[in-house]
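K.L.:
Provide a 3D model corresponding to the input given below.
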Amino acid sequence: MNCPSNPRERAFKRNYRCLFLVMFMALCVNADAFAPNTRTSSVAQPKVSTTTKYPTLLHLTPNNNKDKNKKESLTHVGIATTSTFFEQEKRTTRFDQLTNFVSERAPGVALAAALGQLSIAVSKTALGTHVSPLLWATIFGMVYGNCLHKGDAKRTLASGIKFSKGRLLRLGIILYGFKITLQQIAGIGFAGLATDAFIVASTLFLGVNLGQKVFGLDETTSTLIGSGAAICGCSAVLATQPVVGGESHQVSAAVGTVVIGGTLSMFLYPFLFKWIPCLAASPKLMGVFTGSTIHEIAGVVAAGKAMGGEVAVTAVVTKLARVLLLAPALMSLSWFKNRKCIMEAKAAGKPVEQSGCKIVLPWFAFGFVGLSALNSFLPFPAAMVKIASKTSAFSLICAMAALGIESDLVEIRKLGSKPVLLAALLWVWLTVGGLGAARFFLGI
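P.N.:
Have a look, this model is predicted:
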């Protein structure tokens, strides 16, 4: 008898998604199930002679002994038949290319999506509520990548993993533009914009220089950590990675440090608002300070709500303005990297044309800004914005899972404690310097 009040049945309905994910991941681990059948079949295949590749054309080629009219008629028929044959072959080739493209990438994308869905589920539990799904995706990806991602599985999933950490990453950044409008940015005024610009520029500068000159980190790792602290946390790290050419283990290390700093700020700022008189007396100051210094948007929302509605609104808008600075920041990083490459080529006596130096245009950043501008003048429906926001978040989570899969724990251990120390210094700068900058530009 089917009884809807059966506890087992209710438990199954609640957890059927998790069961599906576990089964799906098990299939992904056994990657041979997805691998194309490249073994030679034991059944002998008939050989196709090259002389019969285009039989219609050959059969319709006229004999020189025929009369002229029949010759012209048969020639026209042969050309038309051959043209039709080539069109059908072209359509078949395109379809085969599409199916091959999808089949090669489907296993890797499916694994990244399964890990992403698992990360979202864990982040909603009591254990993971205060931890970003991006960090959970990194952790789950690293566990899979360092324990199970070997042999045939590694080869079969390679194309999909590359697609997830590349195309899905860019898609997530572009769709992020649905969340921002120029009207929102104008709402915080010059003081908020100036504070954001100062914090982004100074934190990036400090991150790159302190990382290399004080801690001895490479330029790429220093830039990734600096961009995450300066702009919008994990999303900024992911967006900076293709511009500076970061490796997966460098991205994972940067994401870990960014999450730690953002989580600390999220819990600390409500206490600062309560105990520091100048902050308690000015909700606008606290909002600008919060939005311009906390790493992730989720952290800004959580901290802002804990301090009241007025602080929350100002903080979120200030943070959105800071996110909009992602595009000019990426362009600046690309320009500086190209300039450094040219200077090194000249110092080595190598012609600039042969140095391979070029400016990497972050086209996805232009798409992000373009969608923001379009949404400002031709507002999108609320349902579309909601769907785009969820798609953006899930795409970034899948990209982070893919980067985690390719992160080598051995390489991360080689970095040691230096990334954490650099992130700690940047966190102190954001907390102390950010408050000073907000007070200066607001005239408080």
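K.L.:
run through the residues that contact the spatially most central residue of the chain.
P.N.:
Geometric centre of the chain, nearest residue: Leu169, 2.5 Å, by C-alpha atoms, centre = their mean. Applying C-beta atoms under 8 Å, 6 or more residues apart in numbering, we find Leu169 in contact with Leu238, Ala239, Gln241, Pro242, Ser395, Leu396, Ala399. Glycine gets a C-beta too; all of them are placed from N, C-alpha and C.
K.L.:
redo that, cut-off 6 Å
P.N.:
Contacts for Leu169 were tallied using C-beta atoms under 6 Å, 6 or more residues apart in numbering; they are Leu238, Ala399.
K.L.:
look at Ser355 and report its pLDDT.
P.N.:
In the predicted model, Ser355 carries a pLDDT score of 68.
K.L.:
which element follows the strand or helix carrying Leu422 toward the C-terminus?
P.N.:
According to DSSP states H and E, Leu422 maps onto helix 418-428. On the C-terminal side of helix 418-428, the nearest following helix or strand under DSSP H and E is helix 434-442.
K.L.:
just the mean pLDDT for the helix holding Leu422, thanks.
P.N.:
pLDDT averaged over helix 418-428 gives 94.
K.L.:
which parts of that helix are buried?
P.N.:
With burial defined by 16 or more other C-beta atoms under 10 Å, the residues of helix 418-428 counted as buried are Lys418, Pro419, Val420, Leu421, Leu422, Ala423, Leu425, Leu426, Trp427.
K.L.:
counting contacts, what elements does it pack onto?
P.N.:
helix 189-213, helix 219-227, helix 248-275 (3 or more C-beta pairs under 6 Å, 6 or more residues apart in numbering; DSSP states H and E).
K.L.:
do you know which of the ones you listed lies nearest Tyr176?
P.N.:
Closest to Tyr176 of the helices and strands packed on helix 418-428 is helix 219-227 (C-beta to C-beta; 14.8 Å).
K.L.:
hmm, who's touching that closest one?
P.N.:
Defining contact as C-beta under 6 Å, 6+ apart, one finds that helix 219-227 is touched by 204, 207-208, 211-212, 236-237, 240, 244, 246, 250, 254, 257, 419, 422-423.
K.L.:
what does the helix holding Leu422 contact?
P.N.:
Thr203, Gly207, Gly211, Phe215, Leu217, Ile225, Ala229, Ala253, Thr257, Gly261.
K.L.:
again, 8 Å this time
P.N.:
203, 206-207, 210-211, 214-217, 221-222, 225-226, 229-230, 253-254, 256-258, 260-261, 264-265.
K.L.:
what about Gly160, neighbour count?
P.N.:
Other residues near Gly160 come to 24 when the count uses other C-beta atoms under 10 Å.
K.L.:
any idea how far it is from Lys390?
P.N.:
21 Å (C-beta to C-beta, to the nearest Å).
K.L.:
which pLDDT does the model give Lys154?
P.N.:
Taking Lys154 on its own, its pLDDT is 79.
K.L.:
quick check on it: phi, psi?
P.N.:
phi -60, psi -40 (degrees, to the nearest 10).
K.L.:
share the number of residues neighbouring it, please.
P.N.:
Lys154 has 15 nearby residues by other C-beta under 10 Å.
K.L.:
please identify which helix or strand holds the residue nearest to Val109 when sequence neighbours are not counted.
P.N.:
Once flanking residues are discounted, Val109 sits nearest to Gly160: 4.4 Å by C-beta to C-beta, 6 or more residues apart in numbering. With elements taken from DSSP H and E, the one containing Gly160 is helix 151-163.
K.L.:
neighbours of the residue nearest to Leu193 when sequence neighbours are not counted, how many?
P.N.:
Distance criterion C-beta to C-beta, 6+ apart; nearest residue to Leu193, sequence neighbours excluded, is Ala321 at 5.9 Å. The number of residues packed near Ala321 is 24, by other C-beta under 10 Å.
K.L.:
quick check, pLDDT for Ala321.
P.N.:
In this model, Ala321 carries a pLDDT of 89.
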